[in-house]
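**Student:** Sequence plus predicted model, see below.
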Amino acid sequence: MPFLQLNKVTKNFSENTPSGVSEIDLTIHAGQIITIIGESGSGKTTLLKLIYGYLVPQIGTVLFNGEPIKGPTEKLIPGHDEMKMVTQELTLNIYAKVFDNISSQLSNADLEAKHELTLQTMEFLRIDHLANKKIVELSGGEQQRVAIARAVITEPKVLLLDEPFSQVDTILKRQLRDDIERLAKFLGITVIMVSHDPTDGLSLSNHVIFIKDGKIIREGSPQEVYFDPRSAYVAKLLGKANIIKNAPFLPYTAPIYAVYPHHIQLSEQPTAYLATVRSVHFNGAYQEVELIFEGKNLLVHDAQFVSLQKGDAVYFDVNQYFSLEN
Ligand SMILES: Nc1ncnc2c1ncn2[C@@H]1O[C@H](COP(=O)(O)OP(=O)(O)OP(=O)(O)O)[C@@H](O)[C@H]1O
């Protein structure tokens with residue numbers, strides 16, 4: 001029996017214009033780390049809320065271990081008992097201490113066990129040093145880890161995270177990725193995340209789902225989807241791909257291609273094609289170069305740091321490209 005199964009799930013917020021999600025078919029297996037990716041307004045949060053039981057589908061079913069998920073009117077506290085959702089609006093008690101925010105999720109039946117489990121959870125999420133701090137004294141990233149600790153202390157089967165990486169810097173992102181991975185690995189929690197920027201969750205997800213205008217348009221392992229994006233939408237979201245029709249450096253077998261910026265090689269020596277530099281921006285690991293070739297823009301991530309200025313002529317060649325269906 002599938003762990004979580006959505007069958008033709010539709011939730012439309014407006015009678016006149018399509019909104020929300022429509023005809024979502026999805027199977028999620030226990031222990032997976034899933035990232036739902038899509039541009040703003042594509043229906044990511046709606047999908048998460050339907051899985052959690054915050055919203056009820058107008059058509060279709062959401063089954064958890066074969067049982068339909070109960071909607072908010074059928075329960076005293078909305079949301080499935082075996083799932084926890086952490087949203088962007090963290091619902092922490094900001095004037096209470098970290099320890100109390102987390103331990104308050106447990107009953108007082110066994111106070112010693114409650115204390116012990118709170119300590120263990122804080123240690124697991126590496127926030128034990130913050131135990132006596134109030135939430136108002138914490139950074140956004142620290143608050144988020146408290147919210148995750150608070151969510152997982154009751155040992156849910158599923159953790160739903162809405163844009164978990166949106167408020168954390170690069171170093172904290174790495175820590176958060178590591179925490180999420182450990183939650184799935186050691187506590188066996190199935191993690192379903194939502195992100196508008198796939199680079200955040202790509203490395204730790206074993207399954208990615210692309211959603212556009214409320215419909216799933218592509219899903220698979222990150223590698224599978226990256227190397228066969230199939231649509232311009234997915235290729236652009238995944239890697240800022242150049243979407244190219246009819247160019248001499250691509251075969252004419254498909255009508256349209258995606259070329260990731262790092263698959264274009266620049267050279268000062270005469271190689272394949274000559275373009276004009278439109279802009280150059282230093283980006284740390286590479287320089288982002290905009291070229292103009294036959295009147296069209298090409299974005300290049302150049303890790304060789306070829307010496308360039310606006311208006312220069314530069315040679316380029318394309319190493320890899322992917323044909324698209326639309
Ligand atoms: N409660 C609601 N009432 C009316 N329309 C809604 C409601 N919730 C969502 N929508 C609409 O449904 C669509 C999908 O919204 P949703 O929040 O799921 O998108 P999203 O992909 O999570 O966007 P974002 O990345 O901006 O959070 C949008 O057009 C939104 O305006």
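**Tutor:** Noted; the coordinates are in hand.
**Student:** For whichever residue of the stretch 51-200 of the chain sits closest to the ligand, list the residues it contacts.
**Tutor:** When distances are taken as CB to the nearest ligand atom, the stretch 51-200 of the chain reaches nearest to the ligand at His196, 5.0 Å away. Where C-beta positions appear, they are placed from N, C-alpha and C, glycine not excepted. By CB atoms under 8 Å, 6 or more residues apart in numbering, the residues touching His196 are Ile37, Gly38, Glu39, Ser40, Lys44, Glu163.
**Student:** Which of the three states applies to Leu161?
**Tutor:** Local secondary structure at Leu161 is given as strand here, using DSSP: H, G, I helix; E, B strand; the rest coil.
**Student:** Which strand residues bridge the closest residue to it other than its chain neighbours?
**Tutor:** In this structure, Leu161 finds its nearest non-sequential neighbour in Met193, 4.4 Å apart by CB to CB, 6 or more residues apart in numbering. Going by DSSP bridges, Met193 is paired in beta bridges with Thr35, Leu161.
**Student:** Likewise for Asn7?
**Tutor:** When bridges are called by DSSP bridges, Asn7 pairs up with Thr61.
**Student:** wait, what's in contact with Glu82?
**Tutor:** Remark: with contacts taken as CB under 8 Å, 6+ apart, Glu82 is in contact with Phe64, Pro156, Lys157, Val158.
**Student:** Tell me the one of the residues you listed nearest Thr121?
**Tutor:** Minimum distance to Thr121 across the contacts of Glu82 is 12.3 Å, recorded for Pro156 (CB to CB).
**Student:** which SS class is the closest one?
**Tutor:** On the basis of three-state DSSP, Pro156 is classed as coil.
**Student:** Just want the phi and psi numbers for it.
**Tutor:** When read as degrees, to the nearest 10, the backbone of Pro156 gives phi -70, psi 160.
**Student:** For burial, what's the neighbour tally of it?
**Tutor:** 19 (other CB atoms under 10 Å).
**Student:** In contact with it: list those residues for me.
**Tutor:** If a contact means CB under 8 Å, 6+ apart, then Pro156 has Glu82, Met83, Lys84, Ile189 as its contacts.
**Student:** Near the second one, how many other residues are there?
**Tutor:** The one in question is Met83. Around Met83 there are 21 residues (other CB under 10 Å).
**Student:** Now do Ile33 against the ligand, distance only.
**Tutor:** Note on Ile33: its distance to the ligand, by CB to the nearest ligand atom, to the nearest Å, is 19 Å.
**Student:** ok so, going back, what would the contacts of Pro156 look like in TSV with secondary structure, pLDDT and distance to Leu119?
**Tutor:** TSV is the format used below for the contacts of Pro156 (DSSP: H, G, I helix; E, B strand; the rest coil; pLDDT from 0 to 100; distance: CB to CB, whole Å):
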residue	secondary structure	pLDDT	distance to Leu119
Glu82	coil	93	24
Met83	strand	94	24
Lys84	strand	94	20
Ile189	coil	95	19
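**Student:** Now distance to the ligand too, for the residues you listed, in TSV please.
**Tutor:** Rendered in TSV, the data for the contacts of Pro156 read as follows (distance: CB to the nearest ligand atom, whole Å):
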residue	distance to the ligand
Glu82	23
Met83	17
Lys84	18
Ile189	22
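**Student:** now, which of those residues sits nearest Val146?
**Tutor:** Closest approach between the contacts of Pro156 and Val146, by CB to CB: Lys84, at 13.3 Å.
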